[in-house]
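1. No sequence on hand, only this structure:
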């Protein structure tokens, strides 16, 4: 054996010891397909947190992430007996997802329900069916003096993040959404969508006016970053990180959703009044629309990495409520066979559309028990407004 082979062998042994010491193992069922993900050896539920007051909330939304998407990722990563981090959260429920006008929701109406506690029509963003503005849980938290954050793998102007900090009649009006999100003074904004912040004179702009929202953000005190190195160097909030003109690639050298979540929590947790953070695994939905099982699994595992970051913080903080849910299920995904070790799964798709399947809810932290059972998606922000002691939702702004 040459010296380089000996060094590599010793390094592998050291890494194996480290993984075992941490209670972590690389994803086995994925056959090396998802090497970024490590599965906890412990499949037991996290111990329930003390049921005291809630100071902080981390709401993680898997766009299009139904129970089958979670199950598929769990099996592929750790086998039939494995558990994702979200599956280890001790409180589990279901949420009905219909919109005001249709049984099958779109992301805008579903996110509006999760943000405001009221149903609206498909395509609308945090306005009632009659166009009246609805106060969001993020805005209510900010009014109380809490820090706020939005972290996504889509454009920051996409339907789900938009519903927490903007109010428009059409989700497609992303240039206006960008202006409103910036005007809402969200403490930390991390994702894609730089094109909607650039004036029309600049290459890659998606605006039809001369407004330079990046310049406006800097004038308002934001640190503006566009790559992983700049993100790591950013020491203070408010922070605006836009890492692509459109959606994130969700590949290196971009920061991962877990890294974005960790950065946001690190900055927001400095606020003594508490914080509200929404994190979206945006691209689970896109993979499911295309019937791409492997990419659906990959995006769900990227989301679960972010869940672990939130849970690690909450377990130490003991005043942070972590909720994981979805806006809706996409594709009618069904697991119809496969291997117990997770080496493969056989999946059938009903089609490429959203469905009316209920969304899973996973909860950990103080007052988590309130999110068990079968709920309406509007119940989630209504409960959060009471637990945080902010203005009661739903609440008309006009």
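-> Yep, that arrived. Small disclaimer: the values here were computed from a predicted structure and weren't measured.
2. Low-confidence ranges, the stretch 1-150 of the chain, go.
-> Where the stretch 1-150 of the chain drops to pLDDT under 70, the residues are 1-32.
3. residue boundaries of the strands in the stretch 251-398 of the chain?
-> 275-281, 320-325, 329-330, 333-338, 345-349, 354-355, 359-364, 373-376 (DSSP state E, counting those that start in this stretch).
4. Which residues are in contact with the closest residue in space to residue 166 that isn't next to it in sequence?
-> Take residue 166 and drop its neighbours on the chain: the residue closest to it by CB to CB, 6 or more residues apart in numbering is residue 180, 3.9 Å away. Where C-beta positions appear, they are placed from N, C-alpha and C, glycine not excepted. Contact analysis of residue 180 by CB atoms under 8 Å, 6 or more residues apart in numbering lists 165-168.
5. Which element, helix or strand, includes residue 180?
-> helix 174-183 (DSSP states H and E).
6. so how far is that helix off the chain centroid?
-> Distance of helix 174-183 from the chain centroid (CA atoms, centre = their mean, to the nearest Å) equals 20 Å.
7. Show me which residues of it are buried.
-> In terms of neighbour count (16 or more other CB atoms under 10 Å), helix 174-183 has its buried residues at 174-182.
8. which pair in those spans the largest distance?
-> 174 and 182 (12.6 Å; CB to CB).
9. quick revisit: got the strands of the stretch 251-398 of the chain as a markdown table, with mean pLDDT and distance to residue 191 columns?
-> Shown next, in a markdown table, are these (pLDDT from 0 to 100; distance: least, CB to CB, whole Å):
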| stretch | mean pLDDT | distance to residue 191 |
| --- | --- | --- |
| strand 275-281 | 99 | 8 |
| strand 320-325 | 98 | 18 |
| strand 329-330 | 98 | 20 |
| strand 333-338 | 97 | 25 |
| strand 345-349 | 97 | 27 |
| strand 354-355 | 98 | 22 |
| strand 359-364 | 98 | 21 |
| strand 373-376 | 98 | 27 |
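10. and residue 185, how many neighbours does it have?
-> 14 (other CB atoms under 10 Å).
11. rewinding a little: return the distance of the residue nearest to residue 166 relative to residue 139.
-> 11 Å (CB to CB, to the nearest Å).
12. Span of stretch 89-99 from start to end?
-> Start and end residues of stretch 89-99 are separated by 27 Å (CA to CA, to the nearest Å).
13. hmm, I was thinking of stretch 164-183
-> First-to-last residue span, stretch 164-183, CA to CA: 13 Å.
14. can you check stretch 136-152 too?
-> Start-to-end, stretch 136-152 (CA to CA) is 18 Å.
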